[in-house]
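Asks: below are the sequence and a predicted model; questions follow.
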Amino acid sequence: MGCGNRIPRGGCLSAASRFIHYPGRVSTSPRSFAIPPAVLEREARLAAALAGMEATSPSLEPVPLREFGDALEVKDFPAAEAQCAALEAGGWAEDALALLRESRRSLPPGLPLEALVKRLGPLAEKAQARRTASWQLDTRRVPVRIAYAKLTPALDFDSGDLQRIFLRALRLEGLLPALDLGRHPRPILQMGPPLPAGVGGREEWAETVLRQAANRGPDPLMSGINRRLPEGLRIHRWIEQPAYATPVSELAEVSAWSWTCPEPLLPSARVHTERFMASATFAWDRPGKVGGQKLEKHVDLRPMVASMDWEGPVLRIRTPMDAFGATNPLKMLGAVLGIDPATLSGLVRESISLRPDPRLAQGERFEPKLRNLYEDAVLLSGGSNITLVDDEDDEPLRLG
């Protein structure tokens, strides 16, 4: 599906489109003038990436959902409203409402959306009530773990950007992630341990739950998704998981990083890393929140780094995830080297070691419970007249 001159699906506007939306009308929203130029540039890159994904090959989304999104992009709200009956019949009313909410954040105020919201809102609420009631019994959902690489020229995307990109790629390939059970349901797609903009990764993780099994094997699926992804992003493993599998973020044990040091910095960098590894503590003052207020946080950086080893000009770093958490690795490296992290480039997470999932080794503890829940529900809702016998007193207990 080509993009033409429309705003790319996903709710992201180009830098220019934030200021001019209609002929003869210029937005004077305070937010437009408060956004830093660097943020506008990144959003423009994201918008271009999303548009390119749609232009690669025809969309495989369900037709009513695709036409609903197309109508939103050109602000043809009557056409979008006309799709509501088909959306309800196909079970996509909640997806359409989530898409509408996402689009409203990037549309200028004052648009006549009331009729569409009133038409779609009750349909989505009814669908959510049905889905919530049958959530535990839905055996069609398929949890999937995706391994991917993020390298040049995709380094400028952060975790939030990647989430939008992967979600769009899945939808374009006809793979609809299940919605969560929140007040405003959103597609289930979680990125693994965060990777900030400017940092690469060769073995990163994303997790989703598909609404139902795909009609293709892993290799064709990955090929179709990779064909749409921006250059520098590629998935290389597609692993279906049991519903009770532990999330990757809870299994992450150690991150292994590499950084190629520029030749002029090499002597100083070696001295700083050796001094850091020889120290018992390393005080690091970084901006953060203390008691809800933005202040300088005093952090001991030393426990966050397990090792730093040089292989020629390449620095190998290992960070235990329990201690490192969501610390920005560029800022950590800059603090160790005593230089501005904004001047650093080329840091790559080579891998994330995962501890064995204890739940997978104890699958029998989960599978019978899920199966019994389903069987009991079928039994009690089916008007059965089966006679059950209580072992205590052999008196028959009749149901139905």
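Replies: Nice, thanks for sending it over. Residues are numbered from 1 along each chain as shown.

Asks: quick check: buried residues in the strand or helix carrying residue 65?
Replies: Of the helices and strands defined by DSSP states H and E, residue 65 is found in helix 63-73. Buried residues in helix 63-73, counting neighbours by 16 or more other CB atoms under 10 Å, are found at 64-73. For every residue, glycine as well, the C-beta is placed using N, CA and C.

Asks: and what of stretch 275-285?
Replies: In stretch 275-285, counting by 16+ other CB under 10 Å, buried: 276, 282, 284.

Asks: and those as TSV, adding pLDDT and secondary structure?
Replies: Listed next are these as TSV, based on pLDDT from 0 to 100; DSSP: H, G, I helix; E, B strand; the rest coil:
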residue	pLDDT	secondary structure
276	98	helix
282	96	coil
284	91	strand
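
Asks: just give me the closest of those to residue 101.
Replies: Closest approach between the buried residues of stretch 275-285 and residue 101, by CB to CB: residue 284, at 39.2 Å.

Asks: that closest one reaches residue 296, doesn't it?
Replies: No - look at residue 284 against residue 296 with CB atoms under 8 Å: they stay out of range, at 10.0 Å.

Asks: distance of the residue nearest the centre of the chain relative to residue 153?
Replies: Nearest residue to the geometric centre of the chain (CA atoms, centre = their mean): residue 163, 3.4 Å. Counting by CB to CB, to the nearest Å, the gap from residue 163 to residue 153 is 19 Å.

Asks: what does residue 218 give?
Replies: 26 Å.

Asks: let me see the backbone angles for the residue lying closest to residue 228 once chain neighbours are set aside.
Replies: Take residue 228 and drop its neighbours on the chain: the residue closest to it by CB to CB, 6 or more residues apart in numbering is residue 53, 4.3 Å away. Backbone torsions for residue 53, taken as degrees, to the nearest 10, come to phi -60, psi -40.

Asks: what pLDDT is listed against residue 53?
Replies: pLDDT for residue 53: 91.

Asks: how about it, what does it touch?
Replies: For residue 53, the contact set (CB atoms under 8 Å, 6 or more residues apart in numbering) comprises 165, 168-169, 172, 228-230.

Asks: if we go to 7 Å?
Replies: 168-169, 172, 228 (CB atoms under 7 Å, 6 or more residues apart in numbering).

Asks: residue 173 now?
Replies: Residues near residue 173 by CB under 7 Å, 6+ apart: 60, 224-225.

Asks: try 10 Å this time
Replies: Contacts for residue 173 (CB atoms under 10 Å, 6 or more residues apart in numbering) come out as 53, 57, 59-61, 214, 216, 220-221, 223-225, 227-228.

Asks: can I get the residues you listed in TSV with distance to residue 307?
Replies: Shown next, in TSV, are these (distance: CB to CB, whole Å):
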residue	distance to residue 307
53	39
57	45
59	47
60	46
61	47
214	41
216	42
220	41
221	37
223	38
224	40
225	35
227	39
228	38
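
Asks: can you redo those as a markdown table with secondary structure and distance to residue 94?
Replies: Below are the contacts of residue 173 laid out as a markdown table (DSSP: H, G, I helix; E, B strand; the rest coil; distance: CB to CB, whole Å):
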| residue | secondary structure | distance to residue 94 |
| --- | --- | --- |
| 53 | helix | 23 |
| 57 | coil | 26 |
| 59 | coil | 19 |
| 60 | coil | 19 |
| 61 | coil | 15 |
| 214 | coil | 20 |
| 216 | coil | 25 |
| 220 | helix | 28 |
| 221 | helix | 24 |
| 223 | helix | 29 |
| 224 | helix | 25 |
| 225 | helix | 23 |
| 227 | helix | 28 |
| 228 | helix | 24 |
